[in-house]
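>>> predicted structure and sequence below. I'll ask about it afterward.
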There are 2 protein chains.
Amino acid sequence: MAISETGGDAGIDIVYRSDCPSRPILDQIADKWSMMVMAVLDKPTRFNEIKRRLEGVTQRVLTQTLRRLERNGMVVRRVLPTSPVGVEYSLTPLGESLREPFGRLYDWTVNHADEIRAHQMDYDQRVQS
Amino acid sequence: MAISETGGDAGIDIVYRSDCPSRPILDQIADKWSMMVMAVLDKPTRFNEIKRRLEGVTQRVLTQTLRRLERNGMVVRRVLPTSPVGVEYSLTPLGESLREPFGRLYDWTVNHADEIRAHQMDYDQRVQS
DNA sequence: CTGAATCCAAAAGGATACTG
DNA sequence: CAGTATCCTTTTGGATTCAG
């Protein structure tokens, strides 16, 4: 049985193997900030605009996240011919195509956040920490 | 515009806020090992069986991952009345419901792994490291 | 068999200061 | 404005040992 019943033709039988090509990729994209940055980038956006909308992210972490996304071909970085310099980030078609599965995960998270928090409280009470 | 065009009714307009309830949840579930453990758990599975199928995971990390998943109500831990003791992990309905969005992400990853690696090689060549 | 405990190295991440 | 560089604290993760 594949992990997904949605018709994916992925080689799900090998994702468990340490040499599965999806592992390093998963490491790169399945993190919180990458997901949030891509959520913000529904249109070309300036660096500080992204930073402002992503409350809590530091400049350093945002830069690193954007670099990694750029390296993976998910976003493009474009320097604007202004003064002072402006930089605009936008999703590539590859990045766009990731928004759908990401959106699924986001929706699930938001829809189940309460239920999960209830479980956590229950667990923390049963297991004295 | 919502991040997902698939009809999710999530409050996507607030996921960027630092007090968005989905943030801590996302931190908990959007990591590589959680995803892989849940991929393995299509049926009740013993600790060592999980460890064996997840090449490369250490005992410590697997234990931590399972604890977190248990705390979040995604898996249940059941001690088997055997000798020596056996422990069996299985998905809860909540955990089951997460497999679909996870599966989407997995499928996307596998299907685009080559393309991403090509981008990485191109980037690494352009940007001398 | 299934962990918990410990030690230690590496990586991640915040704060701050500086620059083209 | 959009970073880079540095320092330093926290977190993570591997390896190993011990125990119910």
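The structure has been received and is ready for your questions. Numbering: from 1, shown residues only, chains lettered A, B, ... in the order given.

>>> A:Gly73 and B:Arg117 touch, don't they?
No - contact criterion CB atoms under 8 Å: A:Gly73 and B:Arg117 do not qualify, at 9.5 Å. To be clear about C-beta, it is placed using only N, CA and C from the backbone, and glycine gets the same treatment.

>>> and the two? Which one has more around it.
Between A:Gly73 and B:Arg117, counted using other CB atoms under 10 Å in any protein chain shown, A:Gly73 has the larger neighbour count: 20 against 15.

>>> so what's that one closest to, chain neighbours aside?
B:His119 (3.0 Å; CB to CB, 6 or more residues apart in numbering or on different chains).

>>> that neighbour and A:Val75, how far apart?
Per CB to CB, to the nearest Å, B:His119 is found 11 Å from A:Val75.

>>> so which of these two has more stuff around it?
Taking neighbours as other CB under 10 Å, B:His119 and A:Val75 compare with A:Val75 leading, 25 against 18.

>>> which residues touch that one?
Each residue near A:Val75 by CB atoms under 8 Å, 6 or more residues apart in numbering or on different chains is listed here: A:Val37, A:Met38, A:Leu41, A:Leu66, A:Leu69, A:Tyr89, A:Ser90, A:Leu91, A:Thr92, A:Gly95.

>>> and those, which is closest to B:Arg104?
Distance to B:Arg104 across the contacts of A:Val75 (CB to CB) is lowest for A:Met38, with 14.6 Å.

>>> the closest one against A:Gly95, yeah?
Yes - counting by CB under 8 Å, A:Met38 does reach A:Gly95; the two are 6.3 Å apart.

>>> now list whatever residues contact both of those two.
With CB under 8 Å, 6+ apart, A:Met38 and A:Gly95 have common neighbours A:Leu69, A:Met74, A:Val75.

>>> mind giving me the packing neighbours of the one helix or strand the first one maps to?
Remark: A:Leu69 resides in helix A:59-71, with elements defined by DSSP states H and E. With contacts taken as 3 or more CB pairs under 8 Å, 6 or more residues apart in numbering or on different chains; DSSP states H and E, helix A:59-71 sits against helix A:32-40, helix A:47-53, strand A:75-80, helix B:93-126.

>>> among those, which comes closest to DNA strand D?
Nearest to DNA strand D, of all the helices and strands packed on helix A:59-71, is helix A:47-53, at 3.1 Å by CB to the nearest atom of the strand.

>>> for the residue sitting nearest the centre point of chain A, what are its contacts?
Nearest to the geometric centre of chain A sits A:Met35, at 1.7 Å (CA atoms, centre = their mean). With contacts taken as CB under 8 Å, 6+ apart, A:Met35 has the following neighbours: A:Ile29, A:Phe102, A:Leu105, A:Tyr106, B:Leu26, B:Ala30.

>>> with pLDDT, neighbour count and distance to DNA strand D added, can I get those residues in JSON lines?
Below are those laid out as JSON lines (pLDDT from 0 to 100; neighbours: other CB atoms under 10 Å in any protein chain shown; distance: CB to the nearest atom of the strand, whole Å):
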{"residue": "A:Ile29", "pLDDT": "79", "neighbour count": "24", "distance to DNA strand D": "15"}
{"residue": "A:Phe102", "pLDDT": "84", "neighbour count": "24", "distance to DNA strand D": "20"}
{"residue": "A:Leu105", "pLDDT": "85", "neighbour count": "25", "distance to DNA strand D": "19"}
{"residue": "A:Tyr106", "pLDDT": "80", "neighbour count": "26", "distance to DNA strand D": "21"}
{"residue": "B:Leu26", "pLDDT": "79", "neighbour count": "22", "distance to DNA strand D": "13"}
{"residue": "B:Ala30", "pLDDT": "77", "neighbour count": "21", "distance to DNA strand D": "12"}
